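In: Dropping the sequence and predicted coords here.
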Amino acid sequence: MLYIVDLETGALIKKLDTGKGTADDPTGLARPNGLASPAVIDKDGDFIADYIYAGDLYGNLWKFDVTDTSVSNWDSAYLDGSLNPQPLFVARDAGGNAQSITTTPQVGIHPLGLNQGVVVYFGTGKFIETSDNTQVGQTTQSFYGVWDKNLSTLTAFDRTHMLQQQILQEVTSGGFELRAASDNQILWHSATGTPSGSPPTTHLGWYMDLVNLQLNSSGTATNSNNYGERQVSNAVLRNDRIIFTTLIPSSNPCLADGTGWLMELDPADGSRIDFEIFDINNDGVFDTSDWINVLFDVDGDGDVDSDDKLPPSGKKSKVGIIPTVGIIRKPGTGECINGIMVKYASGSMGMIEATANNCGPDALGRQTWRELGR
């Protein structure tokens with residue numbers, strides 16, 4: 001259920017029922033469902049809510065339409081032939097297992113402005129039951145960028161109609177554990193219906209499975225264990241990147257601790273950011289010396305050598321499990337100070353980890369302005 005309540009009086013304005021309860025449990029175990037915190041969107045900038053996005057424990061991503069002036073007409077944005085609520089998207093892994101959504105989605109305008117649509121960003125996984133606190137036997141979780149074309153009717157689609165990005169390598173450099181990600185290019189499917197081909201040649205969004213493939217010198221993946229990694233904290237869409245943290249439970253049953261990764265990707269297609277975002281050697285300068293050597297052929301010269309380097313897309317926590325990062329903001333200057341954006345993560349080990357990030361080439365020049373009183 002989604003409840004909309006009068007803030008002043010507490011009176012119920014509208015209760016929107018997804019219609020997905022115990023009888024719809026994808027595991028067949030009749031577990032109760034639950035809707036995660038919603039994202040409320042004012043699409044036309046008139047300071048009135050238009051759409052609300054929220055995910056549930058069964059992996060359904062819902063869109064609710066509250067644009068009508070009559071509250072009685074507020075409903076799920078998409079309905080099936082029997083006028084029952086229909087989710088915008090259902091998150092499932094490659095084997096068809098449902099992926100729970102327990103975070104608030106982030107919503108941004110489509111990178112090309114297609115169909116006046118938006119892209120909804122969210123990760124999957126849960127960390128609320130005793131069975132979640134293990135690295136063994138866990139469903140592979142993912143992070144998604146789902147295109148809502150904002151059409152009156154919906155043609156159902158799934159991950160087979162989306163571009164796949166991957167975690168290609170994990171390496172240690174400069175005292176950090178770091179990840180290299182793929183940079184597959186997206187081609188948006190502007191036609192009606194769903195894309196064809198496997199993998200599809202056009203796409204309705206992108207996804208990245210939270211599995212380190214660990215490619216070897218021949219480009220073959222040597223790892224398929226997800227170690228229970230999941231995404232259970234709210235992502236941040238900012239400065240032309242999607243920023244999120246992941247959680248990996250401890251493999252030691254005597255410890256309540258765990259760890260996780262800080263990931264930063266290009267929101268347009270989920271690919272790695274093509275410049276150095278972490279100051280790996282801690283010299284205060286962002287340059288190619290902050291790139292990492294990987295164990296597969298990057299430059300296409302037929303061998304693996306010191307020239308096979310990539311800018312990292314993820315950095316492993318040193319302070320345990322980390323939530324949504326806090327981003328420092330200096331009044332009047334925005335978040336990029338001298339080209340650097342600082343993120344703070346409070347870890348489950350009782351310490352705070354600071355990460356200095358490169359704001360990138362688009363951060364050059366004036367970032368903000370204000371009008372002075374006359």
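Out: Arrived safely, thanks for sending. No experiment lies behind these values; they were computed from the predicted model shown. Numbers count the residues shown, from 1 in each chain.

In: ok, Gln141 touching Leu210?
Out: Yes - with contact defined as CB atoms under 8 Å, Gln141 and Leu210 form a contacting pair (5.0 Å). The way it works is simple: take the backbone N, C-alpha and C, and place the C-beta from them, glycine included.

In: so what's in contact with those two at the same time?
Out: Gly123, Gly125, Asn226, Glu229, Arg230, Gln231 (CB atoms under 8 Å, 6 or more residues apart in numbering).

In: quick one: contacts for the fifth one?
Out: Under the criterion of CB under 8 Å, 6+ apart, the contact partners of Arg230 comprise Gly123, Thr124, Gly125, Lys126, Phe127, Asp132, Gln138, Gln141, Leu210, Thr246, Leu247.

In: Just put the residues you listed in TSV and tack on distance to Leu237.
Out: Shown next, in TSV, are those (distance: CB to CB, whole Å):
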residue	distance to Leu237
Gly123	13
Thr124	17
Gly125	19
Lys126	22
Phe127	22
Asp132	26
Gln138	27
Gln141	19
Leu210	19
Thr246	17
Leu247	20
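
In: who wins for most neighbours among those residues?
Out: Neighbour counts for those, by other CB atoms under 10 Å, peak at Gly123, which reaches 31 neighbours.

In: and the closest residue to Pro361 other than its chain neighbours, what are its phi and psi?
Out: Nearest residue to Pro361, sequence neighbours excluded (CB to CB, 6 or more residues apart in numbering): Phe275, at 7.0 Å. Dihedral angles of Phe275 (phi, psi; degrees, to the nearest 10) stand at phi -140, psi 170.

In: how close does Phe275 sit to Pro312?
Out: Applying CB to CB, to the nearest Å, the value for Phe275 to Pro312 is 11 Å.

In: before we move on, what about Ser182?
Out: For Ser182, the distance to Pro312 - CB to CB - is 13 Å.

In: out of the two, which sits in the more crowded spot?
Out: Higher neighbour count among Ser182 and Pro312: Pro312, with 28 against 19, using other CB under 10 Å.

In: my guess is Ile101 contacts Leu57, does it?
Out: Yes - counting by CB under 8 Å, Leu57 is a contact partner of Ile101 at 7.5 Å.
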